[in-house]
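[1] Whatever this is, show me its structure:
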Amino acid sequence: MTCDPDGFLPSVSCEMLRLRAEVLQAIRSVFAAEGYWEVETPLLSQETIIDAHLQPVVVRLEGLPPLYLQTSPELGMKRLLVAGAEAIFQVTRAFRACEQGARHNPEFTMVEWYRVGDSYFDQMAFTQRLVQAAATAAAESAWFERLCGRSRPEDCRSYFGRDFGRLRYDEAFERLAGERVLGRDVSALARLAARAGLSVPDSLHADDIDGWLNLLFVELIEPHLGRERPVFVYDYPETQAALARLRRDDSPVAERFELYLRGIEVCNGYQELTDAQAIRQRFEEQQDLRQRAGWPTLPLPRRFLAAHEAGLPFCAGVALGLDRLMMAIVEAESLADVMAFPFDRA
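    Next up, the predicted model:
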C-alpha cells in the first residue's frame, strides 16, 4: 500500500468506490424505470429549512446577507413540484453543521425524491424496491466478496430480498420496551427510563417530551430495528412531524416513516404537508425551540412559503442517506469505511 504520511489518499480503496458507483447506477436505473426524472437545485441559497435539530452551514460573502449550504434539497424540489414537476429525484451533497461521528459527516450524499399523487405507504413500497435493487447490484458486483469480509453475496441477497417489515412507532415501543408511549406525559416516560436503567443527561429538561421520547427510542428501540430484516417504522408522534401531515387519531400521529437496516436509520419519508399557514406556524415553533436551545434564528424561507401558498399538490417524498445505505449493505462500522474523503480527510 502507498505510504500516506500527509493523509492525501482516500479512506477507502478504489474498489469500494467502484462498488458505490455501481450501487448509485442501479438507483438511477430504478428511478428511470419508474418514470422519475433527475433535477438539480442550488446547494447555496438565501433560504434554509428551519429545524430545531438541524444546524445549517452558514456562508458569508462580502456585501451579501448570510447564505446557507442546504441541509437537504427540499426547498428547491418542492418549488419544482409547484411548477408542474410530478416525479423527480436528485442525488446531491447535503451539509449539516455540528454532526460528526461514525454515522454522521458534515457533508454527505443524499438521494431525495418526490411523487405527486403518492401516499407515504406508496413510497414505502417504492423505497423497498429501490433499496432492494441497490443491494442486488452490490451483491452481484465483482467487488463485493473482496470488500465485504463479514458478508457473503447470498447473505446480502437473503437479508434484503425478503419483504420489509412495517411497524408503527407505538407498536415498536410495545414490542421492544413493553409499553406504548403516544399520549403519555413526561412523568410516565421518565418512569419507563428509570425502569430500563437509562442514564438521563443533565441537559434533558423535565418538560421536553420529545427529548424523553428520543432518549427512549435511541436507547431501547433503535438498536434492535432491522436486525433480521429491513423494517419501516411509521406514524411518529405529532410533535415530531417536521413538515409531514398530521392524522387526528385518538393519539394524533405524523404521517411519516423511517427505514432501518441493521440498526441504522437510512431514510425519512413524509406525506408532505401542503398547508402554507400550517408550515409557517411550524417554522415559528421551530424557531422558538432554536432560541430556547441557544441556536441562532434563521430567516423565514419566503420563496418556499410562497410556493406553498400557490399550491403544493398532494405528494409524498423521501430523503435517503447514500453513505448509510452503503454502510448497511457492506456491514461497515463507520461512514469512513464507505466514502472517499470523510471530514478529517477533506
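
[2] need the helices for the chain, in chain order.
    Here the chain has its helices, by DSSP state H, at 14-33, 74-83, 120-139, 144-147, 153-161, 169-177, 186-195, 209-216, 276-293, 302-311, 322-330.

[3] and Glu86, how many neighbours does it have?
    Residues near Glu86, counting by other CB atoms under 10 Å, number 16. Any C-beta I mention is one placed from the backbone N, CA and C, and that applies to glycine too.

[4] Tell me which of the helices of the chain is the most buried.
    Mean neighbour count (mean count of other CB atoms under 10 Å) peaks for helix 322-330 among these, with a mean of 24.

[5] Show me what it is packed up against.
    Packing partners of helix 322-330 (3 or more CB pairs under 8 Å, 6 or more residues apart in numbering; DSSP states H and E): helix 14-33, strand 107-116, helix 120-139, strand 253-261, strand 264-271.

[6] Adding mean pLDDT, write the ones you listed out as CSV.
    Formatted as CSV, the helices and strands packed on helix 322-330 follow (pLDDT from 0 to 100):
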stretch, mean pLDDT
helix 14-33, 96
strand 107-116, 98
helix 120-139, 97
strand 253-261, 98
strand 264-271, 97
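
[7] Glu258: which of the helices of the chain is closest?
    Judged by CB to CB, the one of those that comes nearest to Glu258 is helix 169-177, at 9.1 Å.

[8] Could you list the low-confidence segments of the stretch 101-250 of the chain?
    For the stretch 101-250 of the chain, residues meeting the criterion pLDDT under 70 lie at 148-150.

[9] again, only this time at 50
    Scanning the stretch 101-250 of the chain for pLDDT under 50 picks out no residues.

[10] how about Phe257, what does it touch?
    By CB atoms under 8 Å, 6 or more residues apart in numbering, the contact list for Phe257 reads Tyr120, Gln123, Met124, Phe232, Val233, Tyr234, Asp235, Asn268, Gly269.

[11] do the same with Phe283
    Ile50, Leu300, Pro301.

[12] ok, the first one - contacts?
    Which is Ile50. Ile50 makes contact with Phe283, Gln286, Gln287, Arg290, Leu298, Leu300, Pro301, according to CB under 8 Å, 6+ apart.

[13] Leaving out sequence neighbours, find the closest residue to the fifth one.
    Going back to what we said before, that points to Leu298. Using CB to CB, 6 or more residues apart in numbering and skipping residues adjacent in sequence, the residue nearest Leu298 is Ile50, 4.9 Å away.

[14] Quick check: the one you found vs Leu243, distance?
    From Ile50 across to Leu243, the span is 10 Å (CB to CB, to the nearest Å).

[15] if I look at Ile50, how far off is Glu238?
    Distance from Ile50 to Glu238, by CB to CB: 18 Å.

[16] so Leu243 touches Arg282, yeah?
    Yes. Using CB atoms under 8 Å, Leu243 is in contact with Arg282, at 6.8 Å.

[17] which residues are common contacts for those two?
    Each of Leu273 lies in contact with both Leu243 and Arg282 under the rule CB under 8 Å, 6+ apart.

[18] just to revisit the earlier point, mind putting the contacts of Phe283 into TSV with pLDDT and distance to Arg175?
    Converted to TSV, the contacts of Phe283 look like this (pLDDT from 0 to 100; distance: CB to CB, whole Å):
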residue	pLDDT	distance to Arg175
Ile50	96	34
Leu300	95	40
Pro301	97	38
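
[19] Tabulate those in JSON lines, adding columns for distance to Phe144.
    Shown next, in JSON lines, are the contacts of Phe283 (distance: CB to CB, whole Å):
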{"residue": "Ile50", "distance to Phe144": "41"}
{"residue": "Leu300", "distance to Phe144": "47"}
{"residue": "Pro301", "distance to Phe144": "42"}
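
[20] Which one of these is nearest to Gly84?
    Comparing these against Gly84 with CB to CB places Pro301 closest, at 20.4 Å.
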